[in-house]
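Colleague: structure for the following, please:
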Amino acid sequence: MNATEQKQLVEAYIAAYNRFDVDGMLAPLHDDVVFQNIADGAVNLTTTGKESFRQQAEQALPYFSQREQRASEWQVTDGWVEVAIDYTGVAALAFPNGLKPGDTLRLQGKSVFRFAHGQIISIQDIS
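Modeller: Down below sits the predicted model:
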């Protein structure tokens, strides 16, 4: 799998995420995909397998009325892609951290994607 193909898979995944399209997010993923969300250096969520990823993605849909991951600063190498992410979301419900419906959340981080058999096998979202 070449760098262009890897980047296309990541772009398809991010575009589907921004559309709230869970099936589209799943399309480029390997059946054994591992997803991790890492905040402040600690892993706070891990899913293993496409079905577990689907369940988490569907549970997260009602959290935001709008959301967008904007990718920049791509680093594409053999077997993995790292991309800087600017995230913006508008809360649809109240969060324990004090975020209220209608509040805008802005985060910066990075996502690291690894590949196997022409699909995304691992995603790490780091903020």
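
Colleague: for the record, mean pLDDT for the top helix by length along the chain?
Modeller: The residue-count maximum for a helix in the chain (DSSP state H) belongs to helix 3-18. Across helix 3-18, pLDDT averages out at 95.

Colleague: run through who's touching it.
Modeller: Contacts to helix 3-18, defined as C-beta atoms under 8 Å, 6 or more residues apart in numbering, come from residues 22-25, 27-29, 67-69, 71, 74, 76-78, 80-81, 83, 111, 113, 115, 118-120, 123. Every C-beta, even on glycine, is put in place using the N, C-alpha and C of the backbone.

Colleague: do that again at 7 Å, thanks
Modeller: Helix 3-18 is contacted from outside by 24-25, 27-28, 67-69, 71, 74, 76, 81, 83, 113, 115, 120, using C-beta atoms under 7 Å, 6 or more residues apart in numbering.

Colleague: how about stretch 29-37?
Modeller: 43-50, 53, 116-117, 119-125.

Colleague: list the buried ones in it?
Modeller: For stretch 29-37, burial by neighbour count (16 or more other C-beta atoms under 10 Å) applies to 29-30, 33-37.

Colleague: same check on stretch 80-89?
Modeller: For stretch 80-89, burial by neighbour count (16+ other C-beta under 10 Å) applies to 81-83, 85, 87, 89.
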